[in-house]
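> sequence and predicted model, in that order:
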Amino acid sequence: MVGTASALHAQVDMRTNFTPVELRFNQVRPGYSRVLFEFRMPPSSNKINLELNHISQLKALPNLDSLLGVSLKAIKQIVDSTPTDIFGRRIDVRPVDNKVEIRMVSNESNQNTLVYQNGNLNNLKLDKDTLRIIFFPQDEKTQYQKYYPAYLSIHVNHLSDLFNLESNTIASCITLLKSSFTEEALGKLNLNNSYSAVFNLTEQKMIFPNTKMIQKRGNKAYTRFQNNESTILPAIYGSMQYSRGAFVPSFAAGLSYVISDNKYNDHRVFLMWEPYFFFSNTNNQFQTYRNDFVTLRMVEFDKPEKGGWSFVQNVSIGYLVGRRGNWFEQNTFKFSLPGIRNHTLQIEPEFYFNNFFRNFSPTLRLSLFFE
């Protein structure tokens, strides 16, 4: 039913990509959901994570212990055939339509890690094994949420430890969670915000945020990203593009409205003054022509960046407010489209036109953001 274990033990890149398999099993990477609740179980190092797309999905959770039971039954043959070694593995499980879809990810990057203890040298396992269950909370009032997955992740030393959990472990997590996030409390929370809390399941208490933090910050104490609050900041960037038959430097100064800037993503809206500089040398007379645009720009990209170039959701629209020389026509507009980015360096296509796309011309723009 599930195929051979050897076929499932293939090493796979742990980072999300856009293959059909990743979109099906890993649409949101572990730890990157908008809402994350962590349940620790001392003295063991095991833990359980519940990841949601919206905090309101707490009102529509299915029977997660039952879902866990179905998942454990489905992966039993795989776990029995998996060796107990130092390699960290994750089994993604997707119970849908009376069937269970399964894939295994193996991380074999720690094969050279060792530990010396009591005169013996042994291999050291750094990564936990994980069972990650994908499910879709929904109810009559929130039907749209059936399209947004949620995740239940159980982290253990070895996959076989999954079968030693008590039958009501997940129910205990949800009961503890809802003692803090009551119906009344949920009604006061912003559905678009990110939230996080850490619980000690053994002692049945919340350990983060603590009482002092909640008294000081209120609901903001649950916000996962302490620097995720919207703010307005000064902004500047410089650019180079080939436009109208010449290489044209430009710079931009203005304000950026920071929607989110944290270790996971950067999302900003810019309102900028952008002077473009054209140069000519006629009869040894050097002249500079400055053409000014006012530009509205949106930039959004995921962090941490993978190194090298990656896709950036970028779009802008600008209007020529100051014209010198004959480089641009009157009533000229410009707009840019998504491009690629490497840290603060960005490449994007840009287009100029006037009077309903007359004199339309493209360029490729290289920008350096000073952030």
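Perfect, I can see it now.
> in the sheet, who's paired with the residue nearest to G308 when sequence neighbours are not counted?
Distances taken as CB to CB, 6 or more residues apart in numbering put N342 closest to G308, at 6.3 Å, once the chain neighbours are dropped. (C-beta placed from N, C-alpha, C; glycine too.) Taking DSSP bridges as the rule, N342 bridges to L345.
> which parts of the stretch 251-371 of the chain are strands?
Taking DSSP state E, counting those that start in this stretch, the strands of the stretch 251-371 of the chain run over residues 265-282, 285-302, 310-322, 332-336, 339-342, 345-354, 358-369.
> JSON lines please, covering these and showing mean pLDDT.
Below are the strands of the stretch 251-371 of the chain laid out as JSON lines (pLDDT from 0 to 100):
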{"stretch": "strand 265-282", "mean pLDDT": "89"}
{"stretch": "strand 285-302", "mean pLDDT": "90"}
{"stretch": "strand 310-322", "mean pLDDT": "92"}
{"stretch": "strand 332-336", "mean pLDDT": "94"}
{"stretch": "strand 339-342", "mean pLDDT": "89"}
{"stretch": "strand 345-354", "mean pLDDT": "92"}
{"stretch": "strand 358-369", "mean pLDDT": "90"}
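> ranking the ones you listed by burial, who's on top?
strand 332-336 (a mean of 20; mean count of other CB atoms under 10 Å).
> on that earlier part again, in a markdown table, list the strands of the stretch 251-371 of the chain along with distance to D127.
A markdown table is the format used below for these (distance: least, CB to CB, whole Å):
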| stretch | distance to D127 |
| --- | --- |
| strand 265-282 | 25 |
| strand 285-302 | 23 |
| strand 310-322 | 25 |
| strand 332-336 | 41 |
| strand 339-342 | 29 |
| strand 345-354 | 33 |
| strand 358-369 | 35 |
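> quick one: contacts for the nearest residue to A150 once chain neighbours are set aside?
In this structure, A150 finds its nearest non-sequential neighbour in L52, 4.9 Å apart by CB to CB, 6+ apart. With contact taken as CB atoms under 8 Å, 6 or more residues apart in numbering, L52 is in contact with S33, R34, V35, L36, L58, P137, A150.
> how confident was the prediction at the second one?
In the prediction, the pLDDT value recorded for R34 is 81.
> what packs against the host helix or strand of I236?
Assigned by DSSP states H and E, I236 belongs to strand 231-243. Other helices and strands packing on strand 231-243, by 3 or more CB pairs under 8 Å, 6 or more residues apart in numbering; DSSP states H and E, are strand 246-261, strand 265-282, strand 358-369.
> adding distance to S196 as columns, could you present those in a markdown table?
What follows is these, written out as a markdown table (distance: least, CB to CB, whole Å):
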| stretch | distance to S196 |
| --- | --- |
| strand 246-261 | 15 |
| strand 265-282 | 15 |
| strand 358-369 | 29 |
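> go through those strands and name the closest to K73.
Across the helices and strands packed on strand 231-243, K73 has its closest neighbour in strand 265-282 (37.2 Å, CB to CB).
> what angle sits between that closest one and strand 310-322?
Taking axes from the mean of the first three to the mean of the last three CA atoms, to 10 degrees, one finds strand 265-282 and strand 310-322 inclined to each other by 50 degrees.
> and the nearest residue to N46 once chain neighbours are set aside, how many neighbours?
Nearest residue to N46 in three dimensions, chain neighbours excluded: V156, at 5.1 Å (CB to CB, 6+ apart). The number of residues packed near V156 is 21, by other CB atoms under 10 Å.
> hmm, V258 and R268 touching each other?
Yes: with contacts counted by CB atoms under 8 Å, R268 reaches V258, the gap being 5.3 Å.
> so what's the closest residue to F360 other than its chain neighbours up against?
Nearest residue to F360, sequence neighbours excluded (CB to CB, 6+ apart): F353, at 4.4 Å. Taking CB under 8 Å, 6+ apart, we find F353 in contact with T332, F333, K334, N359, F360, S361.
> hey, what's the third one bridged with?
With DSSP bridges as the criterion, the beta-bridge partners of K334 are G318, Y352.
> what residues does the residue nearest to N46 make contact with?
V156 makes contacts with N46, K128, D129, T130, L131, L162, as judged by CB under 8 Å, 6+ apart.
> and L296, what are its bridge partners?
L271, I317.
> got the buried residues for the longest helix seen in the chain?
Once the chain is assigned using DSSP state H, the helix that runs over the most residues is helix 64-80. Residues of helix 64-80 classed as buried by neighbour count (16 or more other CB atoms under 10 Å): L64, D65, L67, L68, S71, L72, A74, I75, I78, V79.
> could you dump these to a markdown table with pLDDT and distance to A253?
Formatted as a markdown table, these follow (pLDDT from 0 to 100; distance: CB to CB, whole Å):
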| residue | pLDDT | distance to A253 |
| --- | --- | --- |
| L64 | 90 | 52 |
| D65 | 89 | 57 |
| L67 | 89 | 53 |
| L68 | 91 | 55 |
| S71 | 91 | 55 |
| L72 | 91 | 59 |
| A74 | 90 | 58 |
| I75 | 90 | 57 |
| I78 | 88 | 58 |
| V79 | 88 | 59 |
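> rewinding a little: okay, now the sheet partners of the strand holding I236, with direction.
strand 246-261 (antiparallel), strand 358-369 (antiparallel).
> nothing else from me, thank you.
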